[in-house]
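# The following comprises the amino acid sequence and a computationally predicted model.
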Amino acid sequence: MKALIALLLWLVTLPALASNVHQLTIDGPIGPASADYLVNGLEQAADEHAAAVILRLDTPGGLDQAMRDIVQAILASPIPVVSYVSPSGARAASAGTYILYASHVAAMAPGTNLGAATPVKVGGGLPGQPDSESTPERETEGDQEAGSAAAEKSASERKMINDAVAYIRSLAELRARNADWAERAVRESVSLSAQSAREQEVIDLVAASTPALLEQLASRLSGVDAQTAIADHPPDWRHELLATITNPNVAYILLLVGMYGLIFELANPGALVPGVIGGISLLLALFALQALPINIAGLGLVALGILFMLAEALVPSFGALGVGGVLAFGLGSLLLFDTEGPGFELSMLLVAGVSAASLVIFLGTATLALRAFQRRGVAGLAHMQGAEGEVIRTDPDLRVRVEGEDWHATTQSPLAPGDRVTITQIDGLTLKVKP
């Protein structure tokens, strides 16, 4: 009986004990979704006692913080992580280079490349690039202020580059890879092909396919050989959704939809649909913003612009609040995202188009409101203000005919029957007129 129970337990635990390799995939810019996906994937692989994790990599780079989260997860992983740049034509540029250096085994397929790891501040050009206008030979006394600003900018760029160099050299030394080339990849943005990277000891292996990679890993990792089963774990719908909404352009559009949805709902209470769509979009946008690096000043201007535009829908100001809100929102949009990687830039064309369209809408609305305010009434006594009439008699009292009706009138000017008059004021049932 005991032998039977032991056999059953062995059969139940056999799948968990079987050697297998988990395969994760990063295809595109590295951001919060990529980091969350990889961290969860490594935890699952450790829980299931996988022999190793193969990370298929094809990325142009991405956000610095997301890259560091991935590197920390790889360094803390209890099981080996094999970063594999594939298929042919793929790349591990910028942040991808740091991930390769952090991995236990770095491999590439023929026809791939890595490098260009210089940290780039979006909108600021390449850090470390000399400014020809601020060199001592060309600097004049009138350029001292500009030279000081350039020097401050250069200092901040140097700090960023030196930090990146120290970071990637530490990874290279940890994995016994070419640290000098890693420094050049940061300082000079150099790149290497797969074969050149292998020759210069930047990576460990060059493999044309996953089975070929497994064969070469057999001599490096225990429990891995050509017959090892590969369990593919692609990003699920949650990570796909997170990757979509954390794109700065998508997050910005969601913010716009949410803002205008609330404006239309407040301007037309009871419409419901704009409010529902706007509320959902605004919550998704806020979730995306908390996952992205944002500039506080830009966020403050965006919030101020939204408040001004909401106030325009509630407090008629003939466009003053609306136009001011659009300008604040546009300026805030330019400063909103403090991103540093390719694939996470906010489109300036999108910001300019939205700001111009919003400005036209609010200016048009303000113009129509002003015209409506200045237009003479069409009903009641108010519509008679400024109307013309004809004098019927002047004795014993002044009577004028306006729109087929006879009215008692008063005036400060001499009039005669048949004269044309204009109504200047209405006092009860008496009109005040002038010639």
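It's in.
# how about the helix or strand hosting residue 304 as CSV, C-alpha atoms only?
Using DSSP states H and E, residue 304 maps to helix 296-314. In CSV, the C-alpha atoms belonging to helix 296-314 read as follows (Å, rounded to 0.1, in the frame of the first residue of the first chain):
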residue,chain,number,x,y,z
ILE,A,296,5.4,67.7,-12.4
ALA,A,297,5.3,71.1,-14.0
GLY,A,298,3.8,69.7,-17.1
LEU,A,299,1.2,67.8,-15.2
GLY,A,300,0.3,70.9,-13.2
LEU,A,301,-0.2,72.9,-16.4
VAL,A,302,-2.3,70.1,-17.9
ALA,A,303,-4.5,70.0,-14.8
LEU,A,304,-4.9,73.8,-14.8
GLY,A,305,-5.9,73.7,-18.5
ILE,A,306,-8.5,71.0,-17.8
LEU,A,307,-9.9,73.1,-14.9
PHE,A,308,-10.1,76.2,-17.1
MET,A,309,-11.9,74.3,-19.9
LEU,A,310,-14.3,72.7,-17.4
ALA,A,311,-15.0,76.2,-15.9
GLU,A,312,-15.7,77.5,-19.5
ALA,A,313,-18.5,74.9,-19.8
LEU,A,314,-20.0,76.0,-16.4
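# contact partners of that helix?
255, 259, 262-264, 266-267, 289, 317, 319, 321-322, 324-338, 358, 362 (C-beta atoms under 8 Å, 6 or more residues apart in numbering). All C-beta spots, glycine's among them, are computed from the backbone N, C-alpha and C.
# show me the contacts for residue 226.
With contact set as C-beta under 8 Å, 6+ apart, residue 226 has these partners: 211, 214-215, 218.
# Make a PyMOL selection of the buried ones in those residues.
To isolate the buried members of the contacts of residue 226 in PyMOL, using 16 or more other C-beta atoms under 10 Å:
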select buried, resi 214+215
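# need the contacts of residue 226 in JSON lines with pLDDT, can you?
Shown next, in JSON lines, are those (pLDDT from 0 to 100):
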{"residue": "211", "pLDDT": "92"}
{"residue": "214", "pLDDT": "92"}
{"residue": "215", "pLDDT": "92"}
{"residue": "218", "pLDDT": "90"}
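# Can you flag which of the contacts of residue 226 belong to helices?
Among the contacts of residue 226, the ones falling in helices (DSSP state H) are 211, 214-215.
# elements contacting the helix or strand where residue 186 lies?
Here residue 186 sits within helix 179-187, counting by DSSP H and E. Helix 179-187 is packed against helix 95-102, helix 144-174, with contacts defined by 3 or more C-beta pairs under 8 Å, 6 or more residues apart in numbering; DSSP states H and E.
# could you give the angle of that helix to helix 95-102?
If you take axes from the mean of the first three to the mean of the last three C-alpha atoms, to 10 degrees, helix 179-187 sits at 160 degrees to helix 95-102.
# Report the mean confidence score over the next helix or strand after helix 179-187.
Using DSSP H and E, the helix or strand that follows helix 179-187 in sequence is strand 191-193. Mean pLDDT, computed over strand 191-193, is 95.
# Tell me how far the residue nearest the centre of the chain lies from residue 260.
Most central in the chain under C-alpha atoms, centre = their mean is residue 248, positioned 1.4 Å from the mean C-alpha point. Taking C-beta to C-beta, to the nearest Å as the measure, residue 248 falls 19 Å from residue 260.
# how about the strands of the stretch 251-400 of the chain, start to end?
Per DSSP state E, counting those that start in this stretch, the stretch 251-400 of the chain carries strands over the ranges 388-393, 398-402.
# Pick the most deeply packed of those strands.
Most buried of these, by mean neighbour count (mean count of other C-beta atoms under 10 Å): strand 398-402, with a mean of 18.
# Run the chain-centre distance for it.
68 Å (C-alpha atoms, centre = their mean, to the nearest Å).
# Starting from that strand, tell me which strands it pairs with and how they run.
Partner strands for strand 398-402, per DSSP bridges, with pairing direction: strand 388-393 (antiparallel), strand 405-410 (antiparallel).
# Tabulate the CA atom coordinates of it in PDB.
Taking Å, rounded to 0.1, in the frame of the first residue of the first chain, the C-alpha atoms of strand 398-402 are listed here in PDB:
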ATOM      1  CA  LEU A 398     -47.300 111.600 -28.300                       C
ATOM      2  CA  ARG A 399     -48.300 108.300 -30.000                       C
ATOM      3  CA  VAL A 400     -46.100 106.200 -32.200                       C
ATOM      4  CA  ARG A 401     -46.800 103.000 -34.200                       C
ATOM      5  CA  VAL A 402     -44.400 100.200 -33.900                       C
END
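# average model confidence for that strand?
83.
# before we move on, what about stretch 53-65?
Rounded mean pLDDT across stretch 53-65 is 91.
# For that stretch, list the C-alpha coordinates in PDB.
Coordinates of each C-alpha in stretch 53-65 appear next as PDB, following Å, rounded to 0.1, in the frame of the first residue of the first chain:
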ATOM      1  CA  VAL A  53      14.700  31.100 -19.000                       C
ATOM      2  CA  ILE A  54      15.300  32.100 -22.600                       C
ATOM      3  CA  LEU A  55      14.500  35.800 -23.200                       C
ATOM      4  CA  ARG A  56      13.900  36.400 -26.900                       C
ATOM      5  CA  LEU A  57      14.900  40.000 -27.400                       C
ATOM      6  CA  ASP A  58      14.100  42.500 -30.200                       C
ATOM      7  CA  THR A  59      14.000  46.100 -29.000                       C
ATOM      8  CA  PRO A  60      15.100  49.600 -30.100                       C
ATOM      9  CA  GLY A  61      15.500  50.500 -26.400                       C
ATOM     10  CA  GLY A  62      13.100  52.100 -24.000                       C
ATOM     11  CA  LEU A  63      12.700  53.800 -20.600                       C
ATOM     12  CA  ASP A  64      15.700  53.800 -18.200                       C
ATOM     13  CA  GLN A  65      13.700  52.800 -15.100                       C
END
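# before we move on, the earlier item: out of the strands paired with strand 398-402, flag the one nearest residue 423.
strand 388-393 (6.6 Å; C-beta to C-beta).
# List of residues touching that closest one?
Strand 388-393 is touched from outside by 398-403, 406-407, 409, 415-423, 431, 433, with contacts defined as C-beta under 8 Å, 6+ apart.
# Next, the contact list for the residue lying closest to residue 62 once chain neighbours are set aside, please.
Spatially, and ignoring its direct neighbours in sequence, residue 62 is nearest to residue 30 (2.9 Å; C-beta to C-beta, 6 or more residues apart in numbering). Contacts for residue 30 (C-beta under 8 Å, 6+ apart) come out as 59, 61-63, 66-67, 70, 95-96, 99, 341, 343.
# I'd like to know how far residue 407 sits from residue 74.
In terms of C-beta to C-beta, residue 407 sits 91 Å off from residue 74.
# out of these two, which sits in the more crowded spot?
Between residue 407 and residue 74, residue 74 has the larger neighbour count (other C-beta atoms under 10 Å), namely 23 against 19.
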